[in-house]
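*Asks:* pasting the structure only:
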């Protein structure tokens with residue numbers, strides 16, 4: 001087994017990190033405080049480096065890299081700012097359905113502008129009463145001639161107020177005996193009449209990432225906007241999560257590594273009782289454990305991503321990667337804040353932002369309890 005990254009992969013990793021330090025670090029504190037997304041020109045620069053939708057084939061405007069490279073990019077940027085990373089590696093969120101299941105016409109229409117940093121997508125899955133249980137989605141899409149008429153609402157939608165289109169989970173076959181065959185995915189352009197997006201403010205973390213509530217009131221969408229066959233939306237969404245959860249694991253690895261980086265720097269510079277904090281053996285033991293857990297999460301994440309690239313998607317392994325990386329990020333950030341003492345509690349120091357950001361990794365794209373359910377079901 002070869003655990004070494006290729007020279008190209010190391011270059012991609014290094015490029016993404018340097019981009020984040022140069023372009024995101026100076027804006028991270030301000031974007032967090034003001035709850036605003038990064039300027040569009042920053043996202044455009046990221047697209048020019050191939051950091052957006054990096055696994056999109058070249059024929060659709062992407063660099064044609066593997067999913068492991070997507071995770072390397074994600075991890076590297078999250079070492080600086082998770083909210084900023086979502087502006088970049090999350091600019092194509094939801095459009096993966098088009099890549100996986102869309103027609104060639106849909107791919108040519110929607111994917112190149114995203115890769116070029118000219119468009120942003122969103123995934124309209126979660127509802128006020130349907131989170132982890134996506135099969136309980138109630139948003140309806142009723143066929144009317146050659147159109148679908150959509151009514152309903154979505155909650156906690158990433159990119160909701162800044163997106164150009166939303167890949168939306170709708171009930172299209174309510175009479176189906178199987179609750180898993182009642183849904184379809186439909187592309188809804190955000191400027192269509194009847195679409196209203198309301199920004200959600202006051203989030204605990206990832207404040208630089210846009211989150212919104214979206215309502216659909218008699219929104220007419222042409223039937224060619226249907227992604228794949230009708231009635232396959234639930235299964236398409238499960239495949240989507242089986243892949244993208246590995247990217248969330250990469251976010252966890254990056255957040256944990258970033259918090260560790262800052263703590264190592266702090267304990268070497270900060271003195272107490274006439275000595276640097278780094279000379280305290282108790283802190284040395286904690287830092288060693290932090291580093292070990294980060295490396296374990298990284299290895300699990302990379303293996304899961306590599307399996308995706310081999311076409312051997314393992315939902316159990318992917319759930320393990322997301323669950324453990326998220327838990328690691330929360331645990332490491334907690335230790336980081338503690339070691340910073342009072343300084344870790346004010347926003348002049350980045351670790352408090354890392355601490356607030358980390359918690360979402362145990363909630364979105366499947367709460368940690370849902371990941372454990374997936375793992376257990378595969379065990380038996």
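*Replies:* Everything's here; your move. As the structure is a prediction and not an experimental result, all values here were calculated from the model.

*Asks:* List the contacts of the worst-scoring helix or strand of the chain on mean pLDDT.
*Replies:* Lowest mean confidence among the helices and strands of the chain (mean pLDDT, DSSP states H and E): strand 271-272, at a mean of 88. With contact meaning Cβ atoms under 8 Å, 6 or more residues apart in numbering, strand 271-272 is reached by 277, 280. In this view, the C-beta of every residue, glycine as well, is placed from N, C-alpha and C.

*Asks:* what does stretch 252-266 give?
*Replies:* 74-80, 82, 85, 277-278, 287, 290-291, 293-294, 297-298, 301, 322, 325-329, 332-333, 335-336, 339-340, 343, 349-351, 354-355, 357-358, 361.

*Asks:* Setting aside sequence neighbours, what's the nearest residue to residue 247?
*Replies:* Nearest non-adjacent residue to residue 247, counting by Cβ to Cβ, 6 or more residues apart in numbering: residue 74, 5.5 Å away.

*Asks:* Now do the same contact list for that neighbour.
*Replies:* Taking Cβ under 8 Å, 6+ apart as the criterion, residue 74 is in contact with 85, 89, 247, 250, 251, 254.

*Asks:* Phi, psi for the second one please.
*Replies:* Reported as degrees, to the nearest 10, the phi and psi values for residue 89 are phi -80, psi -10.

*Asks:* Run through the strands of the chain in chain order.
*Replies:* With DSSP state E applied, the chain shows strands at 121-124, 140-144, 147-158, 165-171, 183-189, 195-199, 211-222, 226-227, 271-272, 275-276, listed in chain order.

*Asks:* What is the third one packed up against?
*Replies:* Right, strand 147-158. Contacts defined by 3 or more Cβ pairs under 8 Å, 6 or more residues apart in numbering; DSSP states H and E place strand 147-158 against strand 121-124, strand 140-144, strand 165-171, strand 183-189, strand 211-222.

*Asks:* Minimum distance to residue 203: which of those strands has it?
*Replies:* strand 211-222 (6.3 Å; Cβ to Cβ).

*Asks:* In TSV, list the helices and strands packed on strand 147-158 along with distance to residue 311, mean neighbour count and mean pLDDT.
*Replies:* Shown next, in TSV, are those (distance: least, Cβ to Cβ, whole Å; neighbours: other Cβ atoms under 10 Å; pLDDT from 0 to 100):
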stretch	distance to residue 311	mean neighbour count	mean pLDDT
strand 121-124	23	28	98
strand 140-144	31	16	96
strand 165-171	23	27	98
strand 183-189	22	24	98
strand 211-222	32	18	98
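
*Asks:* With distance to residue 96 added, can I get these in TSV?
*Replies:* Shown next, in TSV, are the helices and strands packed on strand 147-158 (distance: least, Cβ to Cβ, whole Å):
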stretch	distance to residue 96
strand 121-124	8
strand 140-144	20
strand 165-171	8
strand 183-189	11
strand 211-222	19
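
*Asks:* Would you mind telling me which of these is nearest residue 65?
*Replies:* Per Cβ to Cβ, nearest to residue 65 of the helices and strands packed on strand 147-158: strand 121-124, 18.7 Å.

*Asks:* What is the distance between that closest one and the centre of its chain?
*Replies:* 12 Å (Cα atoms, centre = their mean, to the nearest Å).

*Asks:* Who does that strand pair with, and is each partner parallel or antiparallel?
*Replies:* strand 165-171 (parallel) (DSSP bridges).

*Asks:* what does the partner strand contact?
*Replies:* Residues outside strand 165-171 that contact it (Cβ under 8 Å, 6+ apart): 94-95, 97-98, 110, 119, 121-125, 134, 137-141, 148, 150, 152, 154, 157, 160, 182-190, 195, 214, 216, 227, 233-234, 237.

*Asks:* rerun that using 7 Å as the cut-off
*Replies:* Here strand 165-171 makes contact (Cβ atoms under 7 Å, 6 or more residues apart in numbering) with 94-95, 97-98, 110, 121-125, 134, 137-141, 150, 182-190, 214, 227, 233, 237.

*Asks:* Next up, the contacts around the residue of the chain most remote from its centre.
*Replies:* For the chain, the residue at maximal distance from the C-alpha centroid (Cα atoms, centre = their mean) is residue 274, at 43.4 Å. Residues near residue 274 by Cβ under 7 Å, 6+ apart: none.

*Asks:* Now which of the contacts of stretch 252-266 would you call buried?
*Replies:* Buried subset of those (neighbour count, 16 or more other Cβ atoms under 10 Å): 74-80, 82, 85, 277-278, 287, 290, 293-294, 297-298, 301, 322, 325-329, 332-333, 335-336, 339-340, 349-351, 354-355, 357-358, 361.

*Asks:* which residue sits closest to residue 200 in space, ignoring its chain neighbours?
*Replies:* Closest to residue 200 by Cβ to Cβ, 6+ apart is residue 211, at 4.7 Å.

*Asks:* So what pairs up with the one you found in the strands?
*Replies:* residue 158.

*Asks:* Quick one: residues contacting it.
*Replies:* Taking Cβ under 7 Å, 6+ apart, we find residue 211 in contact with 156, 157, 158, 160, 200, 203.
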